[in-house]
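1. make a model of this:
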Amino acid sequence: MRINGHSHLLPYPEQIPSYLKEKEIFWIDEDRQHMLQKGWKRPVTDSSFFLDEKLEWMDRNKIDHAVVLNLSQLYGNGLRIRDMKYALRFQNDFNANVQHEHPTKFTCGFVVHAGFIDGACWEIERCVEELGMQVLCLPTHYMDSIGTWRGIFDKETAPIFELANKYKLAIEIHPYDGEKFIQLENQSWRFHLVWMLAQCADAYHFYTLDGLYEKYPDIRVCFAHGGQLNHLNIGRRTQGFDGRPDLFEGQSRPRKALGHPNIYFDTLVHDTISFELMVRRQKGTDQLILGLDDPYPLGEMESEKQSSYPGKLLDLAVEEGIITGEQHKEIWDKNVVKWLCGDTHNAFYDRVKKKV
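-> As a prediction, the model looks like this:
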């Protein structure tokens, strides 16, 4: 099979509750040309943002199954608690319905807000036990209940990860909202092209330093966009850890986490040199999953200007001898399923192969 481990889907305009538009939280214009929030507007750059067109796009590109993550625009940071709950619940119900109606094509994620621990845990229970979802989507950073920005692996979020560990969830860590707490003018797409990578590296820094991959052995955490700075920065982090042990009392040496079986990265790093570094750091490809980030323009999409198509980077990696043909197949299939399901993969294949 060919399974895309990092995909996104927009509701059709008529599926979005009027409340979200009235409150200017999130909506799509009627001609499906833009997604909007208060003071924010972004073009819908490909028709495969929507369900029917997504299915056609997947068929055209021979993609059998896709993991649909939450929309980063609906993390809920800065919203009043009632609005935040409404927005997140709408998103989770929408994703659950997509998975229910198209079980052979989609596995969908759900999102919670870490600033409100009790509500987050109740929503995890609802999404797992009532909606049958197994992929928890979390931002690298969140705004707490008093307006302070924190990293997702802050000690206060421990109940979320304890519950996720109980349910043996797959977890996706994805950056967003950098412009809300990094005091720089938003120009030349700097928060997507530079700071998103730094946000991801920051989350990985604390996940590995605090040894959470050992504390919560039954969750499998994937860092979006290949966690590019995570791999590049391992030397500096280790140097700092060894050089200033007074700052890292009780924490784990950064290199200890390399290649850990419960830490995953997607392949969306845009060039084979970055990809090769990731393979070398991980000492193989067992924890790498295919991620296209479709249909965003930073995803691996069809592009004449870039001579690109979904899956091109992995094909180039085979041509350049970075990976073998067998590893290529595993990254598209087996590795994604290991991240999603751990050792309980039979039920997944039974579900998705019914009509494949």
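2. remind me which residues of the chain are low pLDDT?
-> 355-356 (pLDDT under 70).
3. now do the buried residues in the lengthiest helix in the chain.
-> With secondary structure taken from DSSP state H, the chain has its longest helix at helix 81-101. Residues of helix 81-101 classed as buried under the neighbour-count rule (16 or more other CB atoms under 10 Å) are 83-88, 90-92, 94-96, 98-99. Glycine gets a C-beta too; all of them are placed from N, C-alpha and C.
4. how about the CA coordinates for that helix, as CSV?
-> C-alpha atoms of helix 81-101 as CSV (Å, rounded to 0.1, in the frame of the first residue of the first chain):
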residue,chain,number,x,y,z
ILE,A,81,-13.0,29.0,26.5
ARG,A,82,-16.5,28.5,25.1
ASP,A,83,-15.4,29.4,21.6
MET,A,84,-12.3,27.2,21.8
LYS,A,85,-14.4,24.2,22.9
TYR,A,86,-16.9,24.7,20.1
ALA,A,87,-14.2,25.1,17.5
LEU,A,88,-12.2,22.0,18.6
ARG,A,89,-15.3,19.8,19.0
PHE,A,90,-16.5,20.8,15.5
GLN,A,91,-13.2,19.8,14.0
ASN,A,92,-13.0,16.5,15.9
ASP,A,93,-16.5,15.6,14.9
PHE,A,94,-15.9,16.5,11.3
ASN,A,95,-12.7,14.3,11.2
ALA,A,96,-14.5,11.5,13.0
ASN,A,97,-17.2,11.5,10.4
VAL,A,98,-14.7,11.4,7.5
GLN,A,99,-13.1,8.4,9.0
HIS,A,100,-16.4,6.7,9.7
GLU,A,101,-17.7,7.3,6.2
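5. report the distance from it to the chain centre.
-> The chain centre lies 17 Å from the centre of helix 81-101; the measure is CA atoms, centre = their mean, to the nearest Å.
6. check which helices and strands the strand or helix carrying residue 136 is in contact with.
-> Counting by DSSP states H and E, the element that carries residue 136 is strand 135-139. Helices and strands touching strand 135-139, by 3 or more CB pairs under 8 Å, 6 or more residues apart in numbering; DSSP states H and E, are strand 106-111, strand 170-174.
7. okay, now the sheet partners of that strand, with direction.
-> Strand pairing for strand 135-139, determined by DSSP bridges: strand 106-111 (parallel), strand 170-174 (parallel).
8. ok, residue 350 - how many residues close by?
-> 9 (other CB atoms under 10 Å).
9. can you confirm residue 276 is in a helix?
-> Yes - under DSSP: H, G, I helix; E, B strand; the rest coil, residue 276 sits within a helix.
10. that one against residue 322, yeah?
-> Yes - Residue 276 is within contact range of residue 322, at 4.9 Å (criterion: CB atoms under 8 Å).
11. re the thing from before, could you check the angle the longest helix of the chain makes with strand 106-111?
-> Per axes from the mean of the first three to the mean of the last three CA atoms, to 10 degrees, the angle that helix 81-101 makes with strand 106-111 is 170 degrees.
12. tell me, how many residues neighbour residue 294?
-> Residue 294, neighbours per other CB under 10 Å, totals 25.
13. picking that back up, following the strand holding residue 136, which helix or strand comes up?
-> Next along from strand 135-139, by DSSP H and E: strand 141-143.
14. which one of the strands paired with strand 135-139 lies closest to residue 311?
-> strand 106-111 (18.4 Å; CB to CB).
15. fine by me, thanks again.
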